[in-house]
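Student: Structure, please.
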Amino acid sequence: MDYLARWNQGLRYEEFLQKYATPEQRVRWDAAHKGIVLSDSQAVLLKSFRRRMPVIVVAGAWCGDCISQCPIFEHFMQASPLIEIRYFDRDADSDLADELAVCGGRRVPAVLWLSEDGFPCGRYGDRTLSAFRKSASEQSGEACSIGAVSLKSGGMSPLTSAVVQDWLNEFERIQLILQLSGRLRKLHNEA
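Tutor: Residues are numbered from 1 along each chain as shown. Down below sits the predicted model:
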């Protein structure tokens, strides 16, 4: 698959929501977006990114995990002009959803990071480690406490703060792959 060509066909956040979200879903997306707050250190890290980062996100406007996580990506993109995200609907873009399947299923959100010239650099999806730890502790007893209690931290629950950090870690990891790539360093006359 030519991922960069496919990325070019994707929708921006607002376009995706206008096309796929019902009014009720849109209220939930907007509330989730409003509830995300990046710390100063997180914003500084995102501003330090040096490589263009096209990102493909397969999502569903109906999906609770997408509603809670995709707005995080938009905050990252607002903090770093080098992050360029395009959204695809899981059902309308079934070939892409199949390509990014997680554990044999069309789990969403599914994220694919690309280099500026279209090479895949990483995939991540469904839920983050913090969210899975919480689910595991709820379904099978305490697995690994992440402090997901009702106390608020910076306007977000501890779980939301942890999920934001989990996603930021992945974006940073891919950015470092891009910055340290010998091929890209040569392309940018940095080698």
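Student: Quick check: next helix or strand after the least confident helix or strand in the chain by mean pLDDT?
Tutor: Within the chain, no helix or strand scores below helix 129-140, which has a mean of 74 by mean pLDDT, DSSP states H and E. With elements assigned by DSSP states H and E, the helix or strand that comes after helix 129-140 is helix 158-180.
Student: returning to what we had before: how distant is the least confident helix or strand of the chain from the center of its chain?
Tutor: 19 Å (C-alpha atoms, centre = their mean, to the nearest Å).
Student: Does anything pack onto it? Which helices or strands?
Tutor: Counting by 3 or more C-beta pairs under 8 Å, 6 or more residues apart in numbering; DSSP states H and E, the packing neighbours recorded for helix 129-140 are helix 158-180. Placement of C-beta: from N, CA and C, glycine included.
Student: Next, the buried residues of the helix it packs on.
Tutor: 158-164, 166-168, 170-172, 174-175, 177-178 (16 or more other C-beta atoms under 10 Å).
Student: what's the average pLDDT for that helix?
Tutor: For helix 158-180, mean pLDDT is 94.
Student: contacting residues around the helix or strand that that helix is followed by?
Tutor: Tracing the chain past helix 158-180, the next element assigned as helix or strand by DSSP H and E is helix 182-187. Residues outside helix 182-187 that contact it (C-beta atoms under 8 Å, 6 or more residues apart in numbering): 51, 115, 116, 117, 178, 179, 191.
Student: What residues sit buried inside the least confident helix or strand of the chain?
Tutor: 130, 131, 133, 134.
Student: What of stretch 43-50?
Tutor: In stretch 43-50, counting by 16+ other C-beta under 10 Å, buried: 43, 45, 46, 49.
Student: For the residue nearest the centre of the chain, list the residues it contacts.
Tutor: The residue lying closest to the centre of the chain (C-alpha atoms, centre = their mean) is residue 73, at 4.7 Å. Contacts for residue 73 (C-beta under 8 Å, 6+ apart) come out as 13, 55, 57, 83, 85, 111, 167.
Student: hmm, back to that, just the CA coordinates of the least confident helix or strand of the chain, formatted as PDB?
Tutor: Written as PDB, here are the backbone C-alpha positions of helix 129-140 (Å, rounded to 0.1, in the frame of the first residue of the first chain):
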ATOM      1  CA  LEU A 129      -1.000   0.500  28.400                       C
ATOM      2  CA  SER A 130      -2.500   2.600  31.200                       C
ATOM      3  CA  ALA A 131      -6.000   2.000  29.800                       C
ATOM      4  CA  PHE A 132      -5.400  -1.700  29.500                       C
ATOM      5  CA  ARG A 133      -4.100  -1.900  33.000                       C
ATOM      6  CA  LYS A 134      -7.200  -0.200  34.300                       C
ATOM      7  CA  SER A 135      -9.400  -2.600  32.200                       C
ATOM      8  CA  ALA A 136      -7.400  -5.600  33.400                       C
ATOM      9  CA  SER A 137      -7.800  -4.600  37.100                       C
ATOM     10  CA  GLU A 138     -11.500  -4.100  36.700                       C
ATOM     11  CA  GLN A 139     -12.000  -7.400  34.900                       C
ATOM     12  CA  SER A 140      -9.600  -9.700  36.800                       C
END
